[in-house]
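Asks: fold the following for me, if possible:
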Amino acid sequence: MKTTGLILFGHGARDPQWAEPMRRVATLIGQTYPALPLELAFLEFLTPTLPQAIDSLARSCGRIAVVPMFIAQAGHLKRDVPLLLEQARSHHPGLSIELAAPVGESNSVLAAIAAYAAGFAGA
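Replies: Numbering: from 1, shown residues only. Sure thing, here's the model as predicted:
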């Protein structure tokens, strides 16, 4: 069985501190699953880009799971990312690249956000 790699994919921002929560998530994953090949990737402004992260993991993985660190699916996830993934698939034939739903569409993530917001309000 070929190894599966994970890419946490975010939009990116001019301020590098914007990526700190993603780095923290990557650290938590690495502590819990130290053998899981893991990369961060960004659509713009920060590196590595999604194609760069895929190229890096393709060296040792037969499957890559891309998890968008977005609240909801909008233009980039509907238009730009599918094109980037198709290009990566043609560049790496035989590599399975799967795109998850954005984290913000996960019921468990929504429950955590709701608990955080309610707790902040003192509920």
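Asks: run a quick neighbour tally on Ala88.
Replies: Look at Ala88: counted by other CB atoms under 10 Å, it has 19 neighbours. Any C-beta I mention is one placed from the backbone N, CA and C, and that applies to glycine too.
Asks: dump the residue contacts of it.
Replies: 50-51, 54-55, 95, 97 (CB atoms under 8 Å, 6 or more residues apart in numbering).
Asks: change it to 6 Å
Replies: 51, 54, 97 (CB atoms under 6 Å, 6 or more residues apart in numbering).
Asks: for the nearest residue to the last one once chain neighbours are set aside, the count of nearby residues, please.
Replies: I take that to be Ile97. Of all residues not flanking Ile97 in the chain, Ile64 sits nearest, at 4.9 Å (CB to CB, 6 or more residues apart in numbering). Counted with other CB under 10 Å, the neighbours of Ile64 add up to 25.
Asks: change the start of the numbering to 410 and stick with it
Replies: Got it, first residue is 410 now, which makes that one Ile473.
Asks: ok, now which ones touch Ile473?
Replies: 414, 466, 506.
Asks: show me where this protein has strands.
Replies: If DSSP state E is used as the criterion, the strands of the chain fall at 413-419, 447-451, 472-477, 505-508.
Asks: Ser499: which of those strands is closest?
Replies: strand 505-508 (10.8 Å; CB to CB).
Asks: now the lowest-mean-pLDDT helix or strand in the chain, how far from the chain's geometric center?
Replies: The helix or strand of the chain with the poorest confidence is helix 484; it has a mean of 83 (mean pLDDT, DSSP states H and E). Chain-centre distance of helix 484: 16 Å, with CA atoms, centre = their mean, to the nearest Å.
Asks: show me where this protein has helices.
Replies: Secondary structure of the chain by DSSP state H: the helices cover 429-441, 459-467, 484, 490-500, 516-529.
Asks: tell me what the second one is packed against?
Replies: Just to be clear, that refers to helix 459-467. In terms of contacts (3 or more CB pairs under 6 Å, 6 or more residues apart in numbering; DSSP states H and E), helix 459-467 is packed against strand 413-419, strand 447-451, helix 490-500.
Asks: keeping just the C-alphas, turn it into CSV.
Replies: The C-alpha trace of helix 459-467 is given here as CSV (Å, rounded to 0.1, in the frame of the first residue of the first chain):
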residue,chain,number,x,y,z
LEU,A,459,-0.1,23.8,-3.8
PRO,A,460,1.8,22.5,-6.8
GLN,A,461,5.1,22.8,-4.9
ALA,A,462,3.6,20.9,-1.9
ILE,A,463,2.2,18.2,-4.2
ASP,A,464,5.6,17.8,-6.0
SER,A,465,7.3,17.4,-2.6
LEU,A,466,4.9,14.7,-1.4
ALA,A,467,4.7,12.9,-4.8
